[in-house]
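# just to be clear, the model below is a prediction. Sequence and coordinates:
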Amino acid sequence: MCGIFGIFNHSQAAELSYFGLHSLQHRGQESAGICISDGEQIHTHRGTGLVTEAFGHDQHLQLSGHIGIGHVRYTTTGDSGLPNAQPLVFRYTGGQVAVAHNGNLVNAGRLRNQLERQGSIFQTNSDTEVVPHFIARSGPPIEQAIQDALRVIEGAYALLFMTETKLIAAQDPRGFHPLSLGKLADAWVVASETCALDVCGAEFVRQIEPGEMLVIDAEGLHSQSFMEPSSRSICSFEYIYFARPDSEIDAISVHTVRKELGRQICREVPTEADLVIGVPDSGLAAAIGYAEESGLPYEMGMMKNRYVGRTFIQPDQELRRKGVRMKLSVVRKAVEGKRVVLVDDSIVRGTTSGRIVEILKAAGATEVHMRVTSPPIMHPCLYGIDTARRMELIAATQTPAEICQKIGADSLHFISAEGLISATDRTDSSPNQGHCLACFNGNYPTPTS
Ligand code: SF4
């Protein structure tokens with residue numbers, strides 16, 4: 001869970017990086033940073049909190065240059081404080097390099113131990129920092145040094161590197177998290193999601209391919225394959241929950257997939273009810289799809305206070321509980337005396353779902369039938385999405401019937417894994433071909449340490 005943004009050859013690289021990060025804010029809210037190169041030196045500003053807080057006094061405007069990379073962070077490995085904020089900047093024998101990472105490296109702990117035993121001193125406890133250490137060991141040219149580093153790390157990584165003169169993007173061989181290339185007049189833009197290209201006015205060109213390293217310099221684009229692509233393992237949660245609905249992943253609209261997920265679960269479990277509502281925001285498109293498929297009316301039954309952070313990505317359990325009450329409220333007139341189909345994207349710990357059912361019933365809903373557009377989450381994510389540890393995952397220890405009782409719903413159904421795959425309309429649809437489903441079925445696409 002992080003967002004990365006890069007731009008090459010634009011006189012307003014800092015401003016556009018700021019706009020790009022702002023549009024990726026949903027991917028991480030703990031810290032933000034931008035590095036800008038003027039061709040000779042890399043200038044950096046990083047801060048904690050939202051992009052607007054980290055750059056509260058327009059600090060980005062003080063970064064001048066034409067190449068930039070930026071990062072918004074949500075912590076899945078390491079602490080959430082400023083020392084771990086990215087981009088990380090380091091110096092090796094070839095000059096300065098900045099790095100921004102989305103994903104999680106499953107062998108970072110082992111590599112770090114190995115490096116420390118050999119004398120390396122780490123500045124952070126972020127998994128990403130092993131990458132610069134391996135780059136420093138290889139030495140220039142930077143393209144070769146990065147490839148050497150990428151061949152030892154394992155897990156999920158969409159990476160951006162910037163030297164004084166180059167922007168380099170790399171995607172792990174399974175393509176866990178999206179990374180898109182865009183063109184803006186004479187400039188190139190690379191971003192975690194296409195919504196960040198849109199916000200700068202850049203045109204989508206293509207995805208960075210699994211196992212590809214793309215070097216952008218004054219001579220243009222140079223694509224190199226640093227590793228044979230493995231079977232594609234795009235994170236299913238990018239479609240279900242995480243990506244912005246106005247983004248496209250592999251040319252498939254996230255919004256369209258979410259609507260289809262709603263249609264699909266309706267086909268799997270038709271339900272007698274009076275209306276359909278969605279949990280804002282990522283449940284709304286699925287609720288509309290459910291309503292279209294079922295013929296039931298769709299209602300705006302819940303409102304979200306947009307000025308409270310997302311509960312799913314607040315690291316602390318108590319804050320998450322309070323956050324639900326602050327964040328969601330019910331439109332009483334819409335649900336009073338009604339049998340409600342409630343569509344949500346996932347159940348992680350069950351706390352949020354229980355609170356939502358409770359406030360719907362308190363507002364007069366006579367029945368609440370919960371439909372979830374992801375299968376039960378039974379295993380932790382190792383690849384950068386904070387789906388909680390296994391002990392905390394309610395579906396790891398309780399059956400759907402038990403969860404239903406615990407959250408106080410009248411019925412509860414999760415979409416099937418097959419239904420999830422078919423809703424994304426990808427051609428390679430056999431299990432674990434094309435999608436990562438590890439948090440549902442425990443089949444991790446990489447070695448796990
Ligand atoms: S384990 Fe789940 S959350 Fe993690 S990458 Fe795979 S599908 Fe996404």
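That came in fine, so what should we check first? Numbers count the residues shown, from 1 in each chain.
# drop to CA atoms for contacts and neighbour counts, all remaining ones
Noted.
# for residue 194, see how far away residue 286 is.
Note on residue 286: its distance to residue 194, by C-alpha to C-alpha, to the nearest Å, is 21 Å.
# for stretch 175-188, list the C-alpha coordinates in CSV.
Taking C-alpha atoms only, stretch 175-188 is exported to CSV below (Å, rounded to 0.1, in the frame of the first residue of the first chain):
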residue,chain,number,x,y,z
GLY,A,175,3.2,-7.7,-11.6
PHE,A,176,1.5,-7.6,-8.2
HIS,A,177,0.8,-3.9,-8.2
PRO,A,178,0.0,-1.7,-11.3
LEU,A,179,2.5,0.8,-12.8
SER,A,180,1.6,2.8,-15.8
LEU,A,181,3.5,4.9,-18.3
GLY,A,182,2.0,8.1,-19.8
LYS,A,183,3.1,10.9,-22.1
LEU,A,184,2.6,14.6,-21.6
ALA,A,185,3.9,16.5,-24.6
ASP,A,186,7.7,16.0,-24.4
ALA,A,187,7.5,14.6,-20.9
TRP,A,188,7.1,11.0,-19.6
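# contacts for it next, please.
7-10, 102-103, 156-158, 171, 189-194, 197, 200-211, 216, 232-235, 238, 249, 383, 436 (C-alpha atoms under 8 Å, 6 or more residues apart in numbering).
# may I see the buried residues of it?
175-184, 187-188 (16 or more other C-alpha atoms under 10 Å).
# the ligand: which of those residues is nearest?
For the buried residues of stretch 175-188, the residue nearest the ligand by C-alpha to the nearest ligand atom is residue 176; the value is 6.1 Å.
# that's a strand at that closest one, yeah?
No - applying DSSP: H, G, I helix; E, B strand; the rest coil, one finds residue 176 to be coil, outside a strand.
# return the closest of the buried residues of stretch 175-188 with respect to residue 74.
residue 177 (14.4 Å; C-alpha to C-alpha).
# what about stretch 17-37, how long is it end to end?
12 Å.
# give the rounded mean pLDDT of it.
On average, the pLDDT along stretch 17-37 is 96.
# is that stretch in proximity to the ligand?
No - using C-alpha under 6 Å from any ligand atom, we find that stretch 17-37 stays clear of the ligand, coming within 13.0 Å at best.
# for the top helix by length along the chain, output the C-alpha coordinates as PDB.
Assignment by DSSP state H gives helix 254-268 as the longest helix of the chain. Taking Å, rounded to 0.1, in the frame of the first residue of the first chain, the C-alpha atoms of helix 254-268 are listed here in PDB:
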ATOM      1  CA  VAL A 254     -11.800  -0.500 -11.900                       C
ATOM      2  CA  HIS A 255     -15.300   1.000 -11.700                       C
ATOM      3  CA  THR A 256     -16.600  -1.500 -14.300                       C
ATOM      4  CA  VAL A 257     -15.000  -4.400 -12.400                       C
ATOM      5  CA  ARG A 258     -16.600  -3.300  -9.100                       C
ATOM      6  CA  LYS A 259     -20.100  -3.000 -10.800                       C
ATOM      7  CA  GLU A 260     -19.600  -6.500 -12.300                       C
ATOM      8  CA  LEU A 261     -18.600  -7.800  -8.800                       C
ATOM      9  CA  GLY A 262     -22.000  -6.600  -7.600                       C
ATOM     10  CA  ARG A 263     -23.800  -8.200 -10.500                       C
ATOM     11  CA  GLN A 264     -21.900 -11.400  -9.900                       C
ATOM     12  CA  ILE A 265     -22.700 -11.800  -6.200                       C
ATOM     13  CA  CYS A 266     -26.300 -11.000  -7.000                       C
ATOM     14  CA  ARG A 267     -26.300 -13.900  -9.500                       C
ATOM     15  CA  GLU A 268     -24.700 -16.100  -6.900                       C
END
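# buried sites along that helix?
Neighbour-count burial for helix 254-268 [16+ other C-alpha under 10 Å]: 254-266.
# among those residues, which are in reach of the ligand?
Among the buried residues of helix 254-268, the ligand is touched by none when using C-alpha under 6 Å from any ligand atom.
# what's around residue 306, how many residues?
12 (other C-alpha atoms under 10 Å).
# which strand or helix spans it?
For residue 306, there is no helix or strand it lies in under DSSP states H and E.
# give the closest residue to residue 249 in space, chain neighbours not counted.
Distances taken as C-alpha to C-alpha, 6 or more residues apart in numbering put residue 178 closest to residue 249, at 6.5 Å, once the chain neighbours are dropped.
# circling back to that earlier point, so can I have a markdown table of the buried residues of stretch 175-188 showing distance to the ligand and pLDDT?
Below are the buried residues of stretch 175-188 laid out as a markdown table (distance: C-alpha to the nearest ligand atom, whole Å; pLDDT from 0 to 100):
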| residue | distance to the ligand | pLDDT |
| --- | --- | --- |
| 175 | 10 | 95 |
| 176 | 6 | 96 |
| 177 | 8 | 96 |
| 178 | 11 | 96 |
| 179 | 14 | 97 |
| 180 | 18 | 98 |
| 181 | 21 | 98 |
| 182 | 24 | 98 |
| 183 | 28 | 98 |
| 184 | 30 | 98 |
| 187 | 31 | 98 |
| 188 | 27 | 98 |
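# same list (those residues) but as a markdown table, adding distance to residue 414.
Shown next, in a markdown table, are the buried residues of stretch 175-188 (distance: C-alpha to C-alpha, whole Å):
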| residue | distance to residue 414 |
| --- | --- |
| 175 | 26 |
| 176 | 23 |
| 177 | 24 |
| 178 | 25 |
| 179 | 29 |
| 180 | 31 |
| 181 | 35 |
| 182 | 36 |
| 183 | 40 |
| 184 | 42 |
| 187 | 44 |
| 188 | 41 |
